[in-house]
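> dropping the sequence and predicted coords here.
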Amino acid sequence: MGTSFHSGGFSYNTVAGLLLAEFVVDGKTRIDLSAFSPDRFEPEKVDAFVSTTVSQSSAVPRRH
């Protein structure tokens, strides 16, 4: 599933679609995408991050 593309996504949607298609058809992509894998995070750090609460006033404003 390819999600969370912001406005810049118009420029890279094509390659994202190609990589998703390669993965579906071949079970792998022509380039190594492990740097983007959710498994790159340590489970303990994920649990600690997910369990935190951020108030609206301390949230970092983002453009997208």
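Received the coordinates, thanks. Here the structure is a predicted model, which means the values were calculated and not measured. Numbering: from 1, shown residues only.
> tell me, how many neighbours does residue 22 end up with?
Using other C-beta atoms under 10 Å, residue 22 has 14 neighbouring residues. For every residue, glycine as well, the C-beta is placed using N, CA and C.
> list of residues touching the helix or strand harbouring it?
Remark: residue 22 resides in helix 9-26, with elements defined by DSSP states H and E. Applying C-beta atoms under 8 Å, 6 or more residues apart in numbering, the set of residues contacting helix 9-26 from outside is 2, 5, 28, 29, 30, 31, 33.
> report the buried members of those residues.
Among the contacts of helix 9-26, not one counts as buried by 16 or more other C-beta atoms under 10 Å.
> turn those residues into a markdown table, including secondary structure.
A markdown table is the format used below for the contacts of helix 9-26 (DSSP: H, G, I helix; E, B strand; the rest coil):
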| residue | secondary structure |
| --- | --- |
| 2 | coil |
| 5 | coil |
| 28 | coil |
| 29 | coil |
| 30 | coil |
| 31 | coil |
| 33 | coil |
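> out of those residues, who's nearest residue 57?
Minimum distance to residue 57 across these is 28.4 Å, recorded for residue 5 (C-beta to C-beta).
> for residue 53, see how far away the nearest residue to that closest one once chain neighbours are set aside is.
Nearest non-adjacent residue to residue 5, counting by C-beta to C-beta, 6 or more residues apart in numbering: residue 13, 6.3 Å away. Distance of residue 13 to residue 53, given as C-beta to C-beta, to the nearest Å: 34 Å.
> out of the two, which sits in the busier spot?
residue 13 (12 against 5).
> gap between that one and residue 50?
From residue 13 over to residue 50 the distance is 28 Å, taken as C-beta to C-beta.
> now this structure, which segments are flagged as low pLDDT?
7-10, 62-64 (pLDDT under 70).
> helix or strand for residue 48, which one?
In this assignment (DSSP H and E), residue 48 forms part of helix 43-50.
> keeping just the C-alphas, turn that helix into PDB.
Provided in PDB are the C-alpha atoms of helix 43-50 (Å, rounded to 0.1, in the frame of the first residue of the first chain):
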ATOM      1  CA  PRO A  43      10.300  -2.100  19.100                       C
ATOM      2  CA  GLU A  44      11.100  -0.500  22.500                       C
ATOM      3  CA  LYS A  45      11.600   2.900  21.000                       C
ATOM      4  CA  VAL A  46       8.400   2.600  19.000                       C
ATOM      5  CA  ASP A  47       6.400   1.600  22.100                       C
ATOM      6  CA  ALA A  48       7.900   4.600  24.000                       C
ATOM      7  CA  PHE A  49       7.100   7.000  21.200                       C
ATOM      8  CA  VAL A  50       3.600   5.800  20.600                       C
END
